[in-house]
Each structure stands twice: as C-alpha cells, then as structure tokens.
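Chemist: okay, structure incoming, though there's no sequence with it:
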DNA sequence: CTCAATCATTGAGATATACAACGATTCGAG
DNA sequence: CTCGAATCGTTGTATATCTCAATGATTGAG
C-alpha cells in the first residue's frame, strides 16, 4: 500500500446522503414527536406519557404486578415504583399485596382512576390522530400490524 | 344524580385491556428496543446513537449547519453543540465558519470520520436487521414508506 | 431446612430533553 | 447608512429518563 497517510483522489462516493432510509432513525423520530403530542394533551389531566401507560394497565386486566408492568412497558422495575407511587398518591390506583405471592403487589385502577382513564384515552387517541394525520385509516392499520409484529414478535 | 360518592353496580366494561392497539405506544417501544440494539453495536466504535446520527449527516451533503442538524434530528441546538464538540475532539469531523454567514458553522466529516462512518453504517444496518427480524423485506419497505410519510409529511 | 431466585424498593450515576439568556452576526425597514 | 429584529452557536440550568447495584421480604426447589 502506498501513501497511507493521505488518499488524494479517493472517490469517497458511497456515504449516502442522509438517514431518511433508516427505519431505526425514523422510528425514533416518530416516537419523539408522537410523545410530544401526547404529552401536551395529557398534561391538563395531570398525567405524562408514562403515568398514562401505567394507569392504562392498572385499568385493564385483573391486577398487574409491577414486575409485569415493567416488562410490558419496557421499563426498569424501579421506574415503575415511582410511577405507581405517584398515581397511588393521587388516588388513581391501589397497590395491594398479592395474596398468592406476598412479594408481589397487584396494581388496580380506582373508580377515580378509571374515570380519568376515559379522558386520558381520548386525549391519547387525539394525539395519535394528529401524529398520523398523513396516513389513511387502512395505512394506519398496516402500520399497527407491522409494529405489533416487531414489538411482540408475533401476529 | 344519586349517590355520587359511590357507583356500586357500574358496568365499567369498556377500558380496553391493553396498549397494544395504540400506535404511539408501539412506536415508542420499537424505538427503545431498536436504540438498544444500535447502541450495543455502535459502542465498540466509540459512538452512541446520537453521535452516529450527527456523524452521518456530517458525512453527507456539503457541510450541514448545526441548526440544520438540530432540525433534521429533532434535537435542541444545544445538544448538537456537545455532540459536535465530542466528534470534533475525536477528529471525526471539522467545524468551520460559514463564509457566507459567519454566524453559522459548517460541519463536515474528516477522512477519519468518513472511514469510521463506513463501519458505523454497517453496525446500524446490522442492528436494524436484528430489530426487524420479524419482517420480510417487502414489509420493511412498506414500514419505511409509512414512517417517512409520518416524519416528513411527504412522499 | 437451606439456598438460590424473584419482587419491590432505595439510591446513585449516566444520559436525555427542554428552556432561558447571551454575544456575534445578518438582514430588512426606513 | 443606521437601527432593531431575527438567527446561529453557545453556555448554563432544570427536569426527566435510563441503567445499574444493593437490600429486605418472600418464594420455591432440593
């Protein structure tokens, strides 16, 4: 090899122009702007995106454990602790020791939490609608299916 | 209205079971896991997801301004400052005053930065391939198109 | 009964995001 | 040409988020 310290006439060529071809980049960007929209609409309800997610789980099924919430939302268990603390302090959910496994706590929405959740779901739906304004309903359905397969590796 | 402090036999019903039907939720989750994969593969190269993004822009086009980088990556301009600082300190890019507008700095990848970028792109591509393992190539193309329309509101 | 594993919790450190203020510079109105 | 508003990069700060390690209580396997 010659002149290793300097490549004068190298084509360089490649190095494509931008990141718009990378799904990862677009996903991060879409997530960020969607989160911003959702946050703006949830704030008047006293919720942020994360506490909304936790409340939504608390309002579904029959008593999620905090561990399960952490796994489902892809959060560290310690984050769930403070989120549940916050929502519990507001009276939106309860944290009860699981009779079958006294290490675990079962988290359930209170009536007040369920009521708020109705409005929060509406707010989230509006934010989603705004974020996806460029897509027709069928396209949104396609996107949903694809994302679900990525996240849950199923269909 | 009667007994406003207690709704005994309310159906509650609705309150759907989970968040898997919300595109916003899935997008955030897909972005998080994709970022984790990318971070793991970029770390050996001394880059994180953000510095990779900045370097990728510096290696494309002809001198992005920091302002343009911030807009394109959806970052605060102050974040771009430290990212460019870091990459400049490593000799991966240069920051030159724009002759046409001396307020602006034009950011360009150095030869070392361009070399590293080749490997970084490969790493990012591998991470993306792993993140999207559940999807066939045509499905990835569909996803790419949909995301691009959301993010750039164009097609 | 003992030991490893699990759950919730606490705390700390790293990273990310958002916002306000500033000097230097550009640009348009008059 | 001059003045003032707007823009660019920068610094600093406040807040949120992520990640990791350690701990007590409890479970379950052997």
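Modeler: Great, that's in hand. Quick caveat: nothing in here was measured; it's all calculated off a predicted structure.
Chemist: so where's chain A shaky on pLDDT?
Modeler: Filtered on pLDDT under 70, chain A yields the residue ranges A:1-18, A:154-155.
Chemist: kindly report the residues of it close to DNA strand C.
Modeler: A:32, A:36, A:65-67, A:70, A:76-78, A:80-81, A:84-85, A:95, A:101, A:103-105 (Cβ under 7 Å from any atom of the strand). Heads up, the C-betas are built off the backbone N, CA and C, glycines and all.
Chemist: restrict the residues you listed to those near DNA strand D?
Modeler: Near DNA strand D, judged by Cβ under 7 Å from any atom of the strand, the entries from those are A:76, A:78, A:101, A:103.
Chemist: can you put these in JSON lines and add distance to residue A:46, neighbour count and secondary structure?
Modeler: Below are these laid out as JSON lines (distance: Cβ to Cβ, whole Å; neighbours: other Cβ atoms under 10 Å in any protein chain shown; DSSP: H, G, I helix; E, B strand; the rest coil):
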{"residue": "A:76", "distance to residue A:46": "23", "neighbour count": "9", "secondary structure": "coil"}
{"residue": "A:78", "distance to residue A:46": "22", "neighbour count": "10", "secondary structure": "helix"}
{"residue": "A:101", "distance to residue A:46": "32", "neighbour count": "10", "secondary structure": "coil"}
{"residue": "A:103", "distance to residue A:46": "30", "neighbour count": "8", "secondary structure": "coil"}
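Chemist: is chain B within reach of stretch A:49-68?
Modeler: Yes - contact of stretch A:49-68 with chain B (Cβ under 8 Å from any Cβ of the partner chain) involves A:49, A:53, A:56, A:57, A:59, A:60, A:61.
Chemist: same check, this time on stretch A:74-82
Modeler: Yes - judged by Cβ under 8 Å from any Cβ, stretch A:74-82 comes into contact with chain B through residue A:74.
Chemist: DNA strand D contacts on chain A?
Modeler: So chain A meets DNA strand D at A:48, A:49, A:50, A:75, A:76, A:78, A:79, A:101, A:102, A:103 (Cβ under 7 Å from any atom of the strand).
Chemist: and the third one, that one's in a strand?
Modeler: It stands for residue A:50. No - per DSSP: H, G, I helix; E, B strand; the rest coil, residue A:50 lies outside any strand segment and is helix.
Chemist: now it: closest residue in space, sequence neighbours ignored.
Modeler: Using Cβ to Cβ, 6 or more residues apart in numbering or on different chains and skipping residues adjacent in sequence, the residue nearest residue A:50 is residue A:83, 5.8 Å away.
Chemist: neighbours of that neighbour, just the number please.
Modeler: Residue A:83: 24 surrounding residues under other Cβ atoms under 10 Å in any protein chain shown.
Chemist: tell me the SS of it?
Modeler: helix.
Chemist: that one against residue A:49, yeah?
Modeler: No - judged on Cβ atoms under 8 Å, residue A:83 makes no contact with residue A:49 at a distance of 10.7 Å.
Chemist: how about the contacts made by residue A:23?
Modeler: Residues counted as contacts of residue A:23 (Cβ atoms under 8 Å, 6 or more residues apart in numbering or on different chains) are B:34, B:128, B:131, B:132, B:140, B:143, B:144, B:147.
Chemist: those strands in chain A, which residues are they?
Modeler: A:64-65, A:93-97, A:105-109 (DSSP state E).
Chemist: reformat those strands as TSV; add mean neighbour count.
Modeler: What follows is these, written out as TSV (neighbours: other Cβ atoms under 10 Å in any protein chain shown):
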stretch	mean neighbour count
strand A:64-65	20
strand A:93-97	16
strand A:105-109	22
